[in-house]
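>>> Pasting the sequence and the predicted model now:
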Amino acid sequence: MPARHGERRSVPVERDRGAVPWVPVLAVAGVATGLLVAALTLVPFDAAQQAAAPATESARAADPGPKTPELSRVPGHAAPTPSGVGERSLIAGAEASGRQRTDASGTFRVLNSYGDSFIGEVLITNPTTGVRHWSLQIAFEDNVGELRTFWVESAPQATMSRDGALYTFISTVPLSAGASVSLRLHFERTGADAPPRLCHVNGGVCGVA
């Protein structure tokens, strides 16, 4: 009905529409509450981890792990060293086993003599009926110095190794039955020529010419 002049008309309030703007506010409040609860839940866990970290580091420091073992020592002996068998031991062993051999033999002689050096020769013979490899061990007195060169005359060359004053020569091809080969050695020296203090072919003592 239209209002009369001077008469006020009341407008009914729509309560349902007025309540709608509070819905987003409640939703935001719910999210904020959830985040707060999650934060309160995580903080003690992180704090526990941080508290446990120093304890773990302390445990590691107290237990450094296994140590590298030291070299074993025999009671009453010095610590082991990487040195090999000494020259004296090799010569002593060769002298102890020195004997005449039937599979190969050797004879030493001075082939040429110079002012400060000499050329020695070891004639190696295979007296058997089969092929034989050979090895020579030779050492001189202190007046004999460095080995300048060596060669097998008119035959394949031998190999050489040295331990102090002791030289070892080993054939690379065998000797035929009844054959001989000449190994020549050019040494520095002072004073007079002298025969070797040790000369073995295949363990047998060399002769001296």
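Looks like it came in fine. Numbers count the residues shown, from 1 in each chain.

>>> Not counting residues beside it along the chain, what's closest to residue 184?
Nearest non-adjacent residue to residue 184, counting by C-beta to C-beta, 6 or more residues apart in numbering: residue 121, 5.1 Å away. Where C-beta positions appear, they are placed from N, C-alpha and C, glycine not excepted.

>>> Also residue 198?
That would be residue 139: by C-beta to C-beta, 6+ apart, it lies 4.4 Å from residue 198.

>>> Over to residue 179?
residue 126 (5.6 Å).

>>> what pLDDT does the one you found get?
Reading off the per-residue confidence, residue 126 sits at a pLDDT of 98.

>>> Check the one 5 residues further on too.
Here the pLDDT value assigned to residue 131 is 96.

>>> burial count for it?
12 (other C-beta atoms under 10 Å).

>>> quick one, what contacts it?
174-177 (C-beta atoms under 8 Å, 6 or more residues apart in numbering).

>>> So how do I select the buried members of those residues in ChimeraX?
To isolate the buried subset of the contacts of residue 131 in ChimeraX, counting by 16 or more other C-beta atoms under 10 Å, use the following:
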select :175
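
>>> Bridging across strands, which residues link to the residue nearest to residue 184?
Beta bridges link residue 121 to residue 109, residue 184, judged by DSSP bridges.

>>> same question, the one 4 residues further on
When assigned by DSSP bridges, residue 125 has beta-bridge partners residue 105, residue 180.

>>> I'd say it and residue 104 touch.
Yes: counting by C-beta atoms under 8 Å, residue 125 touches residue 104, with 6.8 Å between them.

>>> Of those two, which one has the most company?
More crowded of residue 125 and residue 104, by other C-beta under 10 Å: residue 104, with 24 against 17.

>>> Averaging pLDDT per element, find the lowest-scoring helix or strand in this structure.
Of all the helices and strands that make up the chain, helix 87-96 has the lowest average by mean pLDDT, DSSP states H and E, namely a mean of 45.

>>> Show me the domain layout of this structure.
The chain resolves into domains spanning 23-59, 88-208 when parsed by automatic domain parsing.

>>> Hmm, the residue nearest to residue 198 is touching residue 197, no?
Yes: the pair residue 139 and residue 197 passes the contact test of C-beta under 8 Å, sitting 5.8 Å apart.
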